[in-house]
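Student: Predicted structure and sequence below. I'll ask about it afterward.
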Amino acid sequence: MKTDNYLEEHSRDLNRRSAMKILTMGSAAGLFGLLGSNSARASGLLTGEIKGPGSSVHFNKSLPPLKIKAVKAIGTAPEGSNLVIVKVETSEPGLYGIGCATFTQRAEAVVAAINGYMSDFCVGRDADNIEDMWQAFFVSSYWRNGPVLNNALSGLDQALWDIKGKRANMPVYQLLGGKARFAVDTYAHADGKTPEEVAEQVQKYMDQEFRYIRIQQGGYGSLYLARQPDFKDAGFGRPTDEFMDQVAYVQAVPKLFREVRKRCGEEIDLLHDTHERVQPVDMINMCKRLEEFNPYFIEDPVSPENMGWFKQLRESTTVPFAMGELFNNPNEFVGAISNHYLDYIRCHISQVGGITPAMKIARLGEFFNVKTAWHGPGDVSPVGHAANCHIDLAIWNFGVQESVFFSDKIREVFPGTPELKKGYFYVNEAPGLGVDIDEKLAAKYPITNDAGKWTLRKRDGTIIRP
Ligand code: MG
């Protein structure tokens with residue numbers, strides 16, 4: 001007889017044909033035991049029962065409806081960098097999720113988008129249908145999302161994955177397919193004023209058992225090497241504007257690699273970030289000089305506006321490339337990956353809209369042997385780092401993860417923050433993303449409207465795209 005409930009109907013069929021067979025399978029019985037457990041019932045799951053001769057197992061029949069009751073932004077800056085979190089509360093008392101919506105340079109704009117638009121859009125909708133929610137919000141303002149709305153969407157998306165994990169009583173990586181590796185291999189940051197200082201830093205991290213280290217001499221673009229900031233003498237721009245000499249920089253990078261290789265050997269994998277700010281032909285020439293030092297990858301070799309140069313860049317040098325930190329729409333990765341321009345997907349997960357689009361980009365990469373290297377500095381919240389790590393654990397084509405040393409202050413605000421041990425990130429095994437936020441403590445560190453960080457100029461004052 002037909003019933004309205006698919007699972008109920010199939011469970012009767014199951015009962016007739018194979019209940020005893022399932023009862024003999026330890027793992028299946030264990031799973032059913034979990035779903036029929038007190039914790040599952042407490043989170044609102046309905047349970048049923050399959051009866052076999054002399055025994056029975058409980059099973060999950062269906063999830064009760066779960067509606068979004070409230071959505072709000074939480075801004076906090078425990079270490080000075082603006083972090084933005086989305087908290088989604090549901091119709092199930094005590095069941096909520098949090099996600100990272102951090103666009104640190106325009107944090108207050110993201111907070112306004114969440115509290116002013118996203119909240120109204122979400123309340124009353126179904127919390128279970130993550131894909132539907134993502135697609136709906138992505139086009140809900142008609143004009144496609146830019147970084148402000150995409151980061152807001154990421155906070156919502158990650159919070160819904162967090163809720164789904166809590167409902168399933170599983171860490172998010174399990175929902176994504178389970179572990180493809182035991183932990184997440186990361187890289188550390190070595191920086192110094194001279195190649196010798198950088199080499200000392202590299203050795204320090206090698207002693208801490210890191211296997212990958214990014215090397216920079218005096219930060220991005222080695223600004224301290226620049227001489228004659230004529231625009232400042234002429235009173236052009238603002239006194240705090242920064243000055244970069246591209247020639248000095250591209251000459252310094254091969255010398256940096258040479259010195260670090262000489263002092264630290266061939267075993268360690270070395271990375272470098274050019275931060276999109278060098279002219280494409282100069283980048284080609286610099287990368288050809290780096291080939292003998294076997295870099296793991298060169299990050300963001302051109303600005304997003306110069307992607308048309310990538311074919312020539314790719315054909316001119318064997319240096320591997322990571323690209324995409326500034327990409328905003330997930331579609332920007334399609335041509336770059338399918339043309340084999342990239343070796344590593346360099347992506348700020350909240351910038352593209354969260355776990356849902358990041359998984360699609362990662363899976364696309366798998367088919368083209370392109371690996372991942374998610375953006376993970378201090379201005380990604382611990383919730384965002386956890387999202388990075390859950391994906392890193394589950395996908396096959398993981399490359400390397402940028403790491404950060406979290407302070408005790410950050411760990412107090414965000415209980416459950418991923419742990420770094422011997423260069424590996426570990427997420428905790430709590431259901432969902434595994435990270436929470438202490439809202440009272442977070443409120444002690446308000447975000448600021450610090451909007452002027454990226455004004456970089458040439459000698460004559462021309463703006464350099466950073
Ligand atoms: Mg970068």
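Tutor: The structure has been received and is ready for your questions.

Student: what does the protein put close to the ion?
Tutor: Proximity of the chain to the ion (Cβ under 5 Å from the ion) is limited to residues 273, 325. For the C-beta atoms, the positions are set from N, CA and C on the backbone; glycine is no exception.

Student: least trustworthy helix or strand in the chain by mean pLDDT?
Tutor: helix 26-35 (a mean of 35; mean pLDDT, DSSP states H and E).

Student: Next, whatever residue of the stretch 151-300 of the chain ends up closest to the ion: phi, psi?
Tutor: Nearest residue of the stretch 151-300 of the chain to the ion, counting by Cβ to the ion: residue 273, 4.4 Å away. Backbone geometry at residue 273, expressed as degrees, to the nearest 10, gives phi -110, psi 120.

Student: Show the pLDDT at it.
Tutor: Listed pLDDT for residue 273 reads 97.

Student: what pairs with it across the strands?
Tutor: With DSSP bridges as the criterion, residue 273 is bridged to residue 299.

Student: dump the residue contacts of it.
Tutor: Residue 273 makes contact with 214, 216, 220, 298-300, according to Cβ atoms under 8 Å, 6 or more residues apart in numbering.

Student: Can you pull out the residues in contact with stretch 140-149?
Tutor: 103, 106, 109-110, 113, 117, 121, 137-138, 153, 328-329, 351, 353.

Student: Return the set of buried residues in that stretch.
Tutor: The neighbour-count check on stretch 140-149 (16 or more other Cβ atoms under 10 Å) flags 145, 147-149 as buried.

Student: Among these, name the ones in helices.
Tutor: Among these, the ones falling in helices (DSSP state H) are 147-149.

Student: Which of those residues lies at the shortest distance from residue 369?
Tutor: Set against residue 369, the nearest of these by Cβ to Cβ is residue 147 (29.0 Å).

Student: distance of the closest one from residue 88?
Tutor: Separation of residue 147 from residue 88 (Cβ to Cβ, to the nearest Å): 21 Å.

Student: Which of the buried residues of stretch 140-149 sits closest to residue 263?
Tutor: Nearest member of the buried residues of stretch 140-149 to residue 263, counting by Cβ to Cβ, is residue 147, at 39.6 Å.

Student: could you pull out the helices for the stretch 151-300 of the chain?
Tutor: Along the stretch 151-300 of the chain, the stretches classed as helices by DSSP state H, counting those that start in this stretch are 172-175, 195-207, 230-233, 246-264, 280-290.

Student: how about the ones you listed in JSON lines, adding mean neighbour count?
Tutor: Formatted as JSON lines, the helices of the stretch 151-300 of the chain follow (neighbours: other Cβ atoms under 10 Å):
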{"stretch": "helix 172-175", "mean neighbour count": "22"}
{"stretch": "helix 195-207", "mean neighbour count": "17"}
{"stretch": "helix 230-233", "mean neighbour count": "14"}
{"stretch": "helix 246-264", "mean neighbour count": "18"}
{"stretch": "helix 280-290", "mean neighbour count": "18"}
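
Student: Figure out which of those is closest to residue 126.
Tutor: Among the helices of the stretch 151-300 of the chain, helix 172-175 comes nearest to residue 126, with 17.1 Å by Cβ to Cβ.

Student: any residues touching the closest one, and which ones?
Tutor: Identification of contacts with helix 172-175 by Cβ under 8 Å, 6+ apart yields 161-162, 164-165, 168, 179, 355, 387, 389-391, 393-394, 427, 432-434.

Student: Could you check the pLDDT of the residue in the stretch 1-150 of the chain positioned nearest to the ion?
Tutor: Nearest residue of the stretch 1-150 of the chain to the ion (Cβ to the ion) works out as residue 104 at 13.5 Å. As summarised for this prediction, residue 104 has a pLDDT of 94.

Student: Likewise for residue 268?
Tutor: With respect to pLDDT, residue 268 has a value of 98.

Student: For it, give me phi and psi.
Tutor: In terms of degrees, to the nearest 10, the main-chain angles of residue 268 are phi -80, psi 140.

Student: In this structure it contacts residue 206, no?
Tutor: Yes - with contact defined as Cβ atoms under 8 Å, residue 268 and residue 206 form a contacting pair (5.8 Å).

Student: okay, and the common contacts of the two?
Tutor: Shared contacts of residue 268 and residue 206, defined by Cβ under 8 Å, 6+ apart, are found at residue 213.

Student: thinking again about what came up before, mind putting the contacts of residue 273 into CSV with pLDDT?
Tutor: Output for those, formatted as CSV (pLDDT from 0 to 100):
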residue, pLDDT
214, 98
216, 97
220, 92
298, 98
299, 97
300, 97
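
Student: and residue 133, what is it in contact with?
Tutor: By Cβ under 8 Å, 6+ apart, the residues touching residue 133 are 122, 125-126, 156-157, 160.

Student: So what's the residue count around residue 278?
Tutor: 25 (other Cβ atoms under 10 Å).

Student: Excluding sequence neighbours, find me the nearest residue to it.
Tutor: Leaving aside its chain neighbours, residue 278 sits nearest to residue 246 (5.8 Å; criterion: Cβ to Cβ, 6 or more residues apart in numbering).

Student: likewise residue 376?
Tutor: Among residues not flanking residue 376 along the chain, residue 402 sits closest, at 3.7 Å (Cβ to Cβ, 6+ apart).

Student: name the element residue 362 belongs to?
Tutor: Using DSSP states H and E, residue 362 sits within helix 355-367.

Student: any weak-confidence spans in this structure?
Tutor: 1-61, 451-452 (pLDDT under 70).

Student: buried stuff in stretch 81-95?
Tutor: For stretch 81-95, by 16+ other Cβ under 10 Å, it's 81-90, 92, 95.
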